[in-house]
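Peer 1: using only what follows, build the 3D model:
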Amino acid sequence: MKATSILNLTPVKFVIAVGGIYTSYIYFGLIMERLFSTDYSGLNRPKGQYEKFSYGFATSLFQNIFSFILAACVNRFYYGVKASRMDLKSELVISSCSFGSVFMASQALAYVSFPIQAIMKSSKIISILIVSFILGKGQHTRSQYFCGFIITAGIVIFNLTEGKSKKGDTDTSFIGIAAILVSLFCDGYLGTKQGEIKKKFNPSQWDQMESLNKWAGLICLTVANVTFQMGGFIKFVIDNPLVIKDLALLAVLGTCGQVFIFYTIANFSPLILSIVTTTRKFFTVLVSILMYHHEVNVYQWMAIGLVFAGVFIEMIGGGKKHGKSDHVPLPTTDDVEAKVIGKEEDVTRRGGKAA
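Peer 2: Here you go, the predicted model:
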């Protein structure tokens, strides 16, 4: 049997999809956590005696640059596309939301542990429900509100049952939680704009990827300069050049993850994609706990179970409705898989080939 024939077998495609997503995003999460907790001076000094990386904008910027270059090359040299279907306003809206989501989630790691950040970021249904309620858009079922309640309860229990922090850590942990909440709000607002953009422009996946990363990168540079973080980041890199390796690795992993997401969309149903990406998040938390020796008590394990039970219930219920949904996600450089479910309709209309 030829190699091309083997690659067309459904079981082989599934292994490629799952392996690619798991490898890219689990490794991505571990590198992200390491970035905010490592002594990059090479001196291996005790914790608390070295300057920690705290420039969340850099994680966004490096991904924006790498993803933009890849998407632009695909659009120009493979599809022959030179301009986006979306207007400037739509591009700026989705780029701003994407930047806010990624930047605040990354910045939160300077103040909270990775398991807390990952678990809270898994609760995007909460942000969608809240934003929809505030804007008066969208109708949600009792099941969705029930899932939101379960997830919220799990997050609250996880945080309240966390071991006592060292003196002075309490205030900064609240800053981290606030940053994640802002990130979730950006996720929710982005979700409310997706249907509108699809109906009006119907942009391709690579069109979205190029436009989003182009403007998000420019916004990121502007924010970094206005807040005077760029100077501090450059000084940190000069003093700790080893950090460049992890920043570059994050950019490559994030972009590779998007490619495997698009591959999964083209070959499987939205429900399969939901299962793969949701279980990936769960395993990312588990691997982080094992790799970095986070202390998790029995109540926190129960809380983790509550969060992912709520996510799975919503995932299964949502998967049954995706066939009729107009919801078309716009991928971000942070957690792209949560925003691309539902793109199967466009792939089908294009003859099974992801655009």
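
Peer 1: ranges for the helices of the stretch 1-150 of the chain?
Peer 2: 3-7, 10-35, 56-73, 88-108, 114-121, 124-135, 142-160 (DSSP state H, counting those that start in this stretch).

Peer 1: looking at those, which is closest to residue 297?
Peer 2: helix 142-160 (9.9 Å; CB to CB). All C-beta spots, glycine's among them, are computed from the backbone N, C-alpha and C.

Peer 1: so what secondary structure elements neighbour the closest one?
Peer 2: If you count contacts as 3 or more CB pairs under 8 Å, 6 or more residues apart in numbering; DSSP states H and E, helix 142-160 packs onto helix 114-121, helix 124-135, helix 298-319.

Peer 1: for residue 26, give me its contacts.
Peer 2: Applying CB atoms under 8 Å, 6 or more residues apart in numbering to residue 26 gives the contacts 280, 283-284, 287.

Peer 1: make a markdown table out of these and add pLDDT.
Peer 2: Shown next, in a markdown table, are the contacts of residue 26 (pLDDT from 0 to 100):
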| residue | pLDDT |
| --- | --- |
| 280 | 80 |
| 283 | 80 |
| 284 | 82 |
| 287 | 85 |
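
Peer 1: pretty sure residue 16 contacts residue 266?
Peer 2: No: contact criterion CB atoms under 8 Å: residue 16 and residue 266 do not qualify, at 11.5 Å.

Peer 1: more neighbours, these two?
Peer 2: residue 266 (20 against 15; other CB atoms under 10 Å).

Peer 1: the host helix or strand of that one to helix 88-108, inter-axis angle?
Peer 2: Residue 266 is part of helix 243-267 when elements are defined by DSSP states H and E. Using axes from the mean of the first three to the mean of the last three CA atoms, to 10 degrees, one finds that helix 243-267 and helix 88-108 are set 130 degrees apart in direction.

Peer 1: what angle separates helix 243-267 from helix 56-73?
Peer 2: Using the same axes, to 10 degrees: helix 243-267 against helix 56-73 is 50 degrees.

Peer 1: now do helix 243-267, average pLDDT.
Peer 2: Helix 243-267 carries an average pLDDT of 86.

Peer 1: contact partners for residue 285?
Peer 2: Residue 285 neighbours (CB under 8 Å, 6+ apart): 115, 118-119, 304.

Peer 1: quick one: which of the helices of the stretch 1-150 of the chain is nearest residue 219?
Peer 2: helix 88-108 (4.8 Å).

Peer 1: can you name every helix or strand that that closest one contacts?
Peer 2: Against helix 88-108 (3+ CB pairs under 8 Å, 6+ apart) you get helix 56-73, helix 114-121, helix 169-201, helix 205-226.
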